[in-house]
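A predicted structure for the sequence below; I have some questions about it.
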Amino acid sequence: MINEHRRKQLLNLMAERGWDSILLYGNAWRKDPFRSLVNFNFSGDHALARVSRSGEVTATFSDPWDAEIASGNLEPDFVRAFTGGASSIAGLEFMEERFVAACGTLPVSATADVEELRRVKTAEEIEYIKRACDLADRGYQHFATVIEPGMREFELVAEVEAFLKTNGAEDNFMLIASGGTEVVGMKPPTERKFQDGDSITTELTPQVNGYYAQICRTLVLGEPSQGQLRSFAIFSEAQKAAEDLIKPGVTAAAAARAQNDVFRKHGYGEYTGAKYTRVRGHCLGLYPDETPHILEDVDYVLKQDMVVIAHPNTYLPLSGYMVFGDTLLITETGNTRLNKTEKKLFVK
Amino acid sequence: MKRGLITWDKSELPPAVFETRLAKARAALGAQDLPALLVYSDVWRSTEGRHLTNFMPYWNRSLIVIPRDGGPMLLCGLSPRVYPWIKSVTVFEEIRPASKLVPTLLQLCAERGWTKLGVLDHPRLPHEIHSPLEASDVEASDVQLDLTDDAEIAMHRRAEKMAREILTAELPKGIGLTDYQFSGVLERAFRRAGAEDLVLLFSTSDSAPRPARGAMLGAKYSVAVALEYRGHWARVTQGLPL
């Protein structure tokens, strides 16, 4: 349950910064700071790990079931978990102010430092992400198998969710959209029924033992239009440009630029901006949308053993919103695509 | 996560329900002579904002602003591309893009001439929101609201009924399956019935319920279901033998 590699990293960080203690806080939405050290999937509202300078780790939970299963401390009034304060806290930004106030002296935020430690994955973490990728691939195959005209978006999501949970996913982040050129983005599922000619976009992000992997694909029901085919060719070229480029030493900005330049070359540069899209990819790990984001103004230098997804997802007038992307493990000299799903516009 | 159907069925929750709730919030503002109410909302802490506006941040975080003399507004980091959908399921009259929430809020305060704000449950604001707001020229005051009304209770009853009925029907199907496999059975049943979110915990012995981990379910086990139906949670636990 304790990530020993992370414990050593935290002790080094504490020594380097002169901190006597570090707390790692997680809540039901942002469990990741806590789970980066104590990989326990708590089901209550709050969890806190405290690391002393000697390396001792204590975990405190707000929910009695979590405390019992993890053999941790129980503190239903979670303000009391912060009594005694701390030198630094990872996850400070997400904490309720009453918790921060209970620390007495304002602790230093360790969030950025710990996020940087988390970016380079251990062999064990990479193994979990590979398993999540395998599940994402199988999940997408299931998606493509069960979808049919007349089915509603939320019914398809229910089927995919059932498949992923059956096969061991802890959780899943998923967005979806369906329709034609009027579709400008993805969102939670609606009651809309799929129709022939629809372009159906999704990103599946299953979580295995805490770690997320992602796949983005587009499927057309019926014969694809020329616009859909031409659009996919641009997306495929853009994703390949990023995959060909990404290796240690390349910046996130360069990976974004490689994708956006393809759209510019084809005359669709305006669709790479914030009006039509969010990011050209992001990192993956204990949170499905880890930083750095792959954007042209992010100068972060990518490192070996980081896990990223490059996805040039955006709106194009040719097809409406389209998505395409795979999870990539950065290796010593390049990257390895962890998804095995065929790189194509799916048609059913 | 919020992967299920997020919608607004106006036969369940008529617009008048939200008008009454907003009027109650405005009355509280009037009692404290405050020009607007700030409500924090994120994927996990969405209950208050949902009660007042029907807004569910399926991703990211947001700030809801309820002026004493105007319609509710949303400040959020979600793309303007999804604003039409947000407006279709909420009572918002205005949505402002806010990649940085507090600066956008402070700009709004400056535009409206607000030097003070009410904050729903102020001590529970996330530090990242609380800290820059405290450092600003806008004075924040705690506001407490009773979020219980007949419509709210009726929705919780619906959620509880759904949880109980589906769990009762599905529970015998778990015998001989792993808890992963039975999670899949329950996810399908609940989400097809319209659940927005679902937390499933299993117990096969005298120990506390826990998330699925591959354990076999025999003739004796229990399942704790926390179900969110249209923003309203219910928790039901049932076991076999019934």
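Arrived safely, thanks for sending.

For the closest residue to B:E196 other than its chain neighbours, the count of nearby residues, please.
Computed as C-beta to C-beta, 6 or more residues apart in numbering or on different chains, the closest residue to B:E196 that is not its neighbour in sequence is B:G4, at 4.2 Å. The way it works is simple: take the backbone N, C-alpha and C, and place the C-beta from them, glycine included. The number of residues packed near B:G4 is 27, by other C-beta atoms under 10 Å in any protein chain shown.

repeat for B:P211
The burial count for B:P211: 18, using other C-beta under 10 Å.

which non-adjacent residue is nearest residue 75?
If you meant another chain, say so; for now it's chain A. A:A81 (4.5 Å).

Sorry, I should have been clearer: chain B.
Nearest one to B:L75, counting by C-beta to C-beta, 6+ apart, is B:A98 at 4.0 Å.

what's around the closest residue to chain B within chain A, how many residues?
Residue of chain A nearest chain B, by C-beta to the nearest C-beta: A:T166 (3.0 Å). Residue crowding around A:T166 was assessed by other C-beta under 10 Å; the count is 20.

Could I get the contacting residues of it?
B:Y180, B:Q181, B:S183, B:G184, B:V185 (C-beta atoms under 8 Å, 6 or more residues apart in numbering or on different chains).

What does the closest residue to A:C103 other than its chain neighbours show for phi and psi?
Leaving aside its sequence neighbours, A:C103 sits nearest to A:G85 (C-beta to C-beta, 6+ apart; 4.2 Å). Per-residue torsions, A:G85: phi 70, psi -170 (degrees, to the nearest 10).

Settle this for me: A:G85 is touching A:A101, isn't it.
No: between A:G85 and A:A101 there is no contact under C-beta atoms under 8 Å: 10.6 Å.

Run a quick neighbour tally on the closest residue to A:I147 other than its chain neighbours.
Nearest non-adjacent residue to A:I147, counting by C-beta to C-beta, 6+ apart: A:L156, 5.6 Å away. Residues lying near A:L156 (other C-beta under 10 Å) number 22.

helix or strand for A:L156, which one?
Using DSSP states H and E, A:L156 sits in helix A:153-166.

Determine if any part of stretch B:207-225 is in contact with chain A.
Yes: using C-beta under 8 Å from any C-beta of the partner chain, stretch B:207-225 reaches chain A at B:S207, B:A208, B:P209, B:R210, B:P211, B:A212, B:G214.

For the second one, which non-adjacent residue is spatially closest?
Read it as B:A208. A:W65 (3.8 Å).

Need the pLDDT of the one you found.
We have a pLDDT of 96 for A:W65.

Going by neighbour count, list what's buried in the helix or strand containing it.
According to DSSP H and E, A:W65 maps onto helix A:64-70. Across helix A:64-70, burial judged by 16 or more other C-beta atoms under 10 Å in any protein chain shown covers A:W65, A:D66, A:A67, A:I69, A:A70.

Tally up the residues packed near residue 225, please.
No chain specified, so I'll use chain A. Neighbours around A:S225, by other C-beta under 10 Å: 16.

Not quite, go with chain B.
22.

Using the three-state scheme, assign it.
State at B:V225, reduced to three classes by DSSP: H, G, I helix; E, B strand; the rest coil: strand.

so it bridges to which residues?
With DSSP bridges as the criterion, B:V225 is bridged to B:L200, B:V236.

And the pLDDT for it?
For B:V225, pLDDT reads 97.
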